Structures are given as C-alpha cells and as structure tokens.
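J.: Have a look; sequence and predicted model below, questions after that.
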Amino acid sequence: MAEPIRVVVTGAAGQIAYSLLYMIARGEVFGKDQPLVLHLLDIPPMMGVLEGVVMELADCALPLLRQVIPTADPAVAFKDVAAAFLVGAMPRKEGMERKDLLSANVKIFKAQGQAIDQHARKDIKVLVVGNPANTNALVCSHYAPSIPRENFTAMTRLDQNRATAQIAAKLGVPISAVKNVVIWGNHSSTQFPDPSNGVAEVNGTSKRVWDAVNDAAFLQGNFVETVQKRGAAVIAARKMSSAMSAAKAACDHMHDWWHGTAPGQFVSMGVISDGSYGAPKDVVFSFPVETSNGKWKIVQGLQLDDFAKSKLAITGKELEEEKGEAMAVCSAD
Ligand SMILES: NC(=O)C1=CN([C@@H]2O[C@H](COP(=O)(O)OP(=O)(O)OC[C@H]3O[C@@H](n4cnc5c(N)ncnc54)[C@H](O)[C@@H]3O)[C@@H](O)[C@H]2O)C=CC1
Ligand SMILES: O=C(O)CCC(=O)C(=O)O
C-alpha cells in the first residue's frame, strides 16, 4: 500500500465538512488504496465541537484513515499537506449575495495563503469552497507566491452538478447520460451554465443537449436562472446553505483533478484565467477543463454564440470588481 498523504480540511467543525470528511476518509477522493492523515482546522471556539467530529471519525473505523490532527493553528494544519479543501468561511444568510461575504472572508484566505506558502508541500492542490470562492482562491494564491498559481482552484462543480441534474430531469434520462454541460465565470448569480457543448444519451442515441431538449427558451431562460439561483433556493428552504451537495461536489472536483478526466469529458473548475474565450486575465474564472497527470488544461476551440459571450462578459466584470475590492481589503489589513 502507498505511503499516507496529508490532507487538510478547513472549517472542519462546520456543516459541509461533516459530510466531506467521511467521503474523503472512505477513499472516495484519493483512491481506495491511498492511506490518509487528515488535518482538521477550525477556529479556537470550535475546538470542542471538532473533538466530537474526531470521535466520530474514529468510530467510523475507516481502514484508510491513519491519523487525525485537529487544530486551530494554521501552521500545524498546513504542514506538509498534499491537498487542501478550504471550506472554513462564513456562509451567507437569506437575502445576501455571496459577494456580501467578501470583506469578512478574504482575510481568512489571505492568512491561509501565507500559511500554505510557509508550511505546505510546493505541489499542494488547493480547492477553495468558502465563498466568494473564486476571489478567495485568487487571494489565497496571491499570498502564497512560492506555489504555482495553477495549484489554486475554486469550486464551481456544484453548479455543474446542478446544471447536469436539471438537464437530465428535463430529458427524463439518468444523470450519467448527460455530459459536458459546463459553468463559465463566477460561483455567483452571474455564472453562466452552458448546455451548448453538452451531449446526452437518449433512447440509445447520443445527441447534442441543445437538440435533445429542443427548447431554446428553456435553455436560455429557466434553466440558466434555476442554476444561478439554486444556492439561494436551498438557503430559503433549509435556512442553511447547501452542505451535502457541496461536499459531494468538492469530492468530485478533487477526484477529477487528482486522477484525471475521461477522454472527451469536460469538468468545470475556477482556475486562474489566461484570457481564453475573452475572459478577463488574472481572475479565477470557471472554465471547462480537462485534467491529466494532476494538471488541468482549459478546453480550447468551443464555439460561443452572442448570448454566451454577453453572459461571459457580465460574470467576468463581476470578478474584476470583486478582485479590486478584495485586494483593497487585504492591503488595508
Ligand atoms: N463554492 C461552493 O459551491 C459552495 C460554497 N459554500 C461556502 O462554504 C463555506 C462553508 O459553509 P458551511 O460549512 O455550510 O458553513 P458553516 O458555518 O457550517 O462552517 C464553517 C466553519 O468554518 C469555520 N471557520 C471560520 N473561520 C475559519 C478560519 N479562519 N479557519 C478555519 N475555520 C474557520 C467556522 O468556525 C465553521 O466551523 C461558506 O462560505 C459557504 O458559503 C457552501 C456551499 C457551496
Ligand atoms: O449559496 C450560498 O451562499 C452558499 C452555498 C453555495 O454557495 C451554493 O449553494 O451554491
């Protein structure tokens, strides 16, 4: 069996972590033959709750879990870690936009970027989940200059999973029959869920999602809005933000980054933009990517119509504004 790897989850006493830790420790992300040492970071007042999570992890009797290190010290949490799930941040309440969290949350990601820079492995893979996820990932990378910028990513896989589920339901096919419906831009209500390169297996035949659904008004209207506003709909219903589905999406994201995507499969990841498809450069923008050997590559050559281009422009503008605001907050600190 392989040597254990160290994996950190921040916000480890929170609701997403409660689902996420079990999935990671069962081997659903790094593999069923990859032993793990789990580092659990939370803030000092949550250490009592975290102790309960540690007890439960022990009581799960998971063969791959070699050690659990609960801590409130980022230096301990990030020491020698190969992968980081940065979940710990304040969630929004009903009526707020995710960017309303920016001033409180970016400072967390500045401090954690600095700790990653000093203590983590230089090939660490960082997934930022805490909102506003794209801009937090940008800030985190900015304060970890010794680590390549492509090692910092933000989660838009939940949005992709939501979009895929909406299309599958519309067509009355299983989720596994729908592929390559992707998310562009920000994990916010300006994101653009794009079915135009999606394919679906319907009655044994592979079709473009666009042709299979055959309802442009739905694909450019209700579908887009439902995915954009799904997080808010869950908050309105649950009075708490999505957690089980967020944990599942975090596992999907890291799994595909770690192990690679299947040939021809696109997944959505917030990654540092090189300006592809006219997106602003140097913001963390969600693109369709393919992954192999632990690296992601933006899928090139997809066609964007005028509708799609206008949506990318809106979400790109929002990311540039968030970047300006975040950097101002961080430099005022
Ligand atoms: N990107 C995405 O698709 C999604 C992002 N989110 C975001 O994930 C974040 C976490 O959500 P939940 O787990 O539901 O929240 P939660 O409030 O249940 O848990 C957050 C945990 O983070 C901890 N925390 C706060 N500051 C910290 C710090 N400096 N270091 C370490 N831990 C810290 C808190 O003490 C708490 O235990 C929120 O910002 C939420 O908006 C949630 C769902 C989807
Ligand atoms: O919507 C939120 O603010 C919290 C959870 C989230 O980001 C989501 O469900 O997409």
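T.: That came through, no problem. Note that the structure is predicted; figures quoted are calculated from it, not measured. Numbers count the residues shown, from 1 in each chain. Ligands and ions are numbered 1, 2, ... in the order given.
J.: Up against ligand 2, what does the protein have?
T.: Neighbours of ligand 2 within the chain, by Cβ under 6 Å from any ligand atom: 91-92, 98, 131, 158, 231-232, 234-235, 241-242. (Each C-beta comes from the backbone N, C-alpha and C, glycine too.)
J.: go with 5 Å
T.: Neighbours of ligand 2 within the chain, by Cβ under 5 Å from any ligand atom: 92, 98, 231, 241-242.
J.: mind checking how far the residue in the chain that ligand 2 sits nearest to is from ligand 1?
T.: Of all residues in the chain, Gly231 sits closest to ligand 2, at 2.6 Å by Cβ to the nearest ligand atom. Per Cβ to the nearest ligand atom, to the nearest Å, Gly231 is found 6 Å from ligand 1.
J.: same thing with Asp80?
T.: For Asp80, the distance to ligand 1 - Cβ to the nearest ligand atom - is 18 Å.
J.: Wait, that residue touches Ile5, no?
T.: No. Counting by Cβ atoms under 8 Å, Asp80 does not reach Ile5; the two are 9.2 Å apart.
J.: Of the two, which one has the most company?
T.: Ile5 (17 against 13; other Cβ atoms under 10 Å).
J.: what's the domain layout of the chain?
T.: Per the record, the chain has its domains at 5-154, 157-320, by automatic domain parsing.
J.: export these to TSV and tack on mean pLDDT?
T.: Converted to TSV, the domains of the chain look like this (pLDDT from 0 to 100):
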stretch	mean pLDDT
domain 5-154	95
domain 157-320	97
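J.: I'd like those as TSV, with distance to Met327 appended.
T.: TSV is the format used below for these (distance: least, Cβ to Cβ, whole Å):
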stretch	distance to Met327
domain 5-154	8
domain 157-320	11
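J.: Quick one: closest of the ones you listed to Val329.
T.: domain 5-154 (5.2 Å; Cβ to Cβ).
J.: Tell me where the stretch 151-300 of the chain has helices.
T.: In the stretch 151-300 of the chain, the helices defined using DSSP state H, counting those that start in this stretch lie at 157-171, 209-213, 216-220, 222-228, 230-238, 244-259.
J.: what's next to stretch 153-163, contact-wise?
T.: For stretch 153-163, the surrounding residues in contact (Cβ atoms under 8 Å, 6 or more residues apart in numbering) are 125-129, 133-134, 136-137, 181-183, 187, 191, 193, 195, 223, 226-227, 230-231, 242, 245-246, 248-250, 252-253, 257, 267-271, 284, 286, 296.
J.: Can the longest strand seen in the chain be said to contact ligand 1?
T.: Looking across the chain with DSSP state E, the single longest strand is strand 284-292. No. Interface with ligand 1: strand 284-292 contributes nothing (Cβ under 5 Å from any ligand atom), its closest point being 10.2 Å away.
J.: ok and that strand relative to helix 157-171, angle-wise?
T.: For strand 284-292 against helix 157-171, the angle by axes from the mean of the first three to the mean of the last three Cα atoms, to 10 degrees is 80 degrees.
J.: Run the angle between strand 284-292 and helix 244-259 for me.
T.: Direction vectors for strand 284-292 and helix 244-259, defined by the same axes, to 10 degrees, enclose an angle of 50 degrees.
J.: from the middle of its chain, how far away would strand 284-292 be?
T.: Mean-position distance between strand 284-292 and its chain equals 11 Å (Cα atoms, centre = their mean, to the nearest Å).
J.: and what of stretch 52-67?
T.: The answer for stretch 52-67 is 25 Å, by Cα atoms, centre = their mean.
J.: in it, what's buried?
T.: 53-54, 57, 62, 64-65 (16 or more other Cβ atoms under 10 Å).
J.: Separate out the buried members of the contacts of stretch 153-163.
T.: Of the contacts of stretch 153-163, these count as buried by 16+ other Cβ under 10 Å: 125-129, 133-134, 136-137, 181-183, 187, 191, 193, 195, 223, 227, 230-231, 242, 245-246, 248-250, 252-253, 257, 267-271, 284, 286, 296.
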